[in-house]
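Asker: Let's see this in three dimensions:
(chains A and B)
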Amino acid sequence: MNKTAGPAEYTDEELLAHLNGSYVVRAKNVKKIYHMGDEEVHALRGVTFSVQRGEYVSIMGPSGSGKSTIFNMIGGLDKPNEGQVYIDEVDIAALNPLELAWLRCHKVGYIFQTYNLITVATALDNVMLPMTFAGMQAAEAQDKAVALLKKVGLGERVLHKPLELSGGQQQRVAVARSLANDPTIVLADEPTANLDKTTGFQIIELLRQLNESEGVTVITATHDHKMLSVSDRIAWVRDGQIERIQNRDELDIEEGEMRVK
Amino acid sequence: MGRHDSTASAAGSEIEVLPFRKIISIALKGIRIRIWRSLIVVSGIILAIAFLSYILCSDGFLQNAFRIGTRELLKSLDKIGVDPDDMDNQRVQTYWMVGLALLISFVGIVNAMLMSVTERFREIGTMKCLGALDGFVLRMFLIESVVLGSVGAMLGMFLGVGLAYFEGAFIYGGAVWGLLPLGWLLLVAFGSFVAGIVITVLGAVYPAWEAARMLPVVALRAEL
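Answerer: You can find the predicted model right below:
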């Protein structure tokens, strides 16, 4: 079924990484069932998967394949029916609501397809919000938010409200916001789906650049093939299972166009 | 909101809860940046409480005019079609009116609060993703509703009592000023004010509580 390591077993390399504590995310046999009326929808049918610190991983799959569910699980936004999810070696199922909120605030930065900015607040306030939740002083938070907005190329637009910004700019604000509390992981759910090709590529580049310069682990759920070239690894999801995991060098890259083996 | 128990976890001892002062400033900011929405909610509360305090106040005039029962006052009552011999029936009618006023206030205010909270479900989901606690979301909406409720109830109370005196001056002439004992007037004013705040907070509690305990994914998915 697959040429690389099977989803349920570890290679020596992975085992070593685990022993070194360098995994930021580990999912073990995660199952998720949704109830739609009388019908049971098996969104995830046993997903085993791990991500190392500093990696850029894409979860690829058609819509309805379960990639957003995986995204929600490893982000601590939803809990599995079966199996475990570890973030920085902490089992999120064992966390109480307060600890879960702490985890979302400090360990994870989220980027969404629809940006999900607070529309009535300025870019600056949006970026400052997670810092406020983390208990940072206002002056310090403001300086940091301005620095982050500069880093994503919006230094001139800190006081603009989301609706006064283009889609790409709004997503940049979201990227800055995701980095507010120096998270271990940045999770991006279809970050380019609402953007045109060029703008989408700029956001991907920005994420890759932050991944390299800040050492932040980036995990994206996407069906955008532009993501392939920047990802260290790609997990292909189908019908609630990880079909295979590929490294970048296993991809066939031809003149900027991606062809999947 | 569950207190933090000392289960062993990486998060453990570093957790801090947002200070109350900070939540108040966030809530006030929330009102300010949504000033038009807030004004609409407040005007709903003003109207409801003005209606309530007006009814209570006019009823007070009526009862006292009957109780004091001077010739002029009885003549005034007759002028507005109140039959002193049929006072029991009249009182039943006014109780109905007060009940109705309360009901209208309640429905109007609850509706306004329900709208203003539910249209922010996505925002709540986003905040929860960014690390907001259930208790924070709940407190933020409670503080907002207390502020909106106080402002609306205060203005509504003045408007209603003012209108009642304005109308009373036409019915009873100068006698209106002595008609209500001060204690009674204060009771009407204070009662309407408190009713306004209580109804506003009640109207906000349910949707805010629903919103606060939603899983972030569910709140984010809410389409309105």
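Asker: Is the residue in chain B that chain A sits nearest to within a helix or a strand, and which one?
Answerer: Going by C-beta to the nearest C-beta, chain A is nearest to residue B:131 of chain B, at 2.3 Å. For every residue, glycine as well, the C-beta is placed using N, CA and C. Using DSSP states H and E, residue B:131 maps to neither a helix nor a strand.
Asker: Identify the residues contacting the closest residue to it other than its chain neighbours.
Answerer: Using C-beta to C-beta, 6 or more residues apart in numbering or on different chains and skipping the chain neighbours, the partner closest in space to residue B:131 is residue A:105 (2.3 Å). By C-beta atoms under 8 Å, 6 or more residues apart in numbering or on different chains, the residues touching residue A:105 are A:130, A:133-134, A:181, B:130-131.
Asker: Mind checking which of those residues are buried?
Answerer: Neighbour-count burial (16 or more other C-beta atoms under 10 Å in any protein chain shown) applied to those gives A:130, A:133-134, A:181, B:130-131.
Asker: what's around the closest residue to residue B:56 other than its chain neighbours, how many residues?
Answerer: Using C-beta to C-beta, 6+ apart and skipping the chain neighbours, the partner closest in space to residue B:56 is residue B:188 (4.6 Å). Using other C-beta atoms under 10 Å in any protein chain shown, residue B:188 has 24 neighbouring residues.
Asker: next one: residue B:76
Answerer: 22.
Asker: isn't it right up against residue B:169?
Answerer: No. Applying C-beta atoms under 8 Å, one finds residue B:76 not in contact with residue B:169, separated by 11.0 Å.
Asker: Now the most centrally placed residue in chain B. Nearest residue, chain neighbours left out?
Answerer: In chain B, the centroid-proximal residue (C-alpha atoms, centre = their mean) is residue B:196; its distance is 2.4 Å. What sits nearest to residue B:196 in space, not counting adjacent residues and going by C-beta to C-beta, 6+ apart, is residue B:153, at 2.6 Å.
Asker: Tell me the secondary structure at that neighbour.
Answerer: Following DSSP: H, G, I helix; E, B strand; the rest coil, we place residue B:153 in the helix state.
Asker: shaky segments in the stretch 151-261 of chain A?
Answerer: Residues of the stretch 151-261 of chain A that meet the criterion pLDDT under 70 lie in A:252-261.
Asker: Next, find the distance separating residue A:62 from residue A:240.
Answerer: According to C-beta to C-beta, to the nearest Å, residue A:62 stands 12 Å off from residue A:240.
Asker: Helix or strand: which one has residue A:119?
Answerer: Using DSSP H and E, no helix or strand contains residue A:119.
Asker: can you check residue A:246 too?
Answerer: Going by DSSP H and E, residue A:246 is in strand A:241-247.
Asker: Off-centre distance for that strand?
Answerer: 17 Å (C-alpha atoms, centre = their mean, to the nearest Å).
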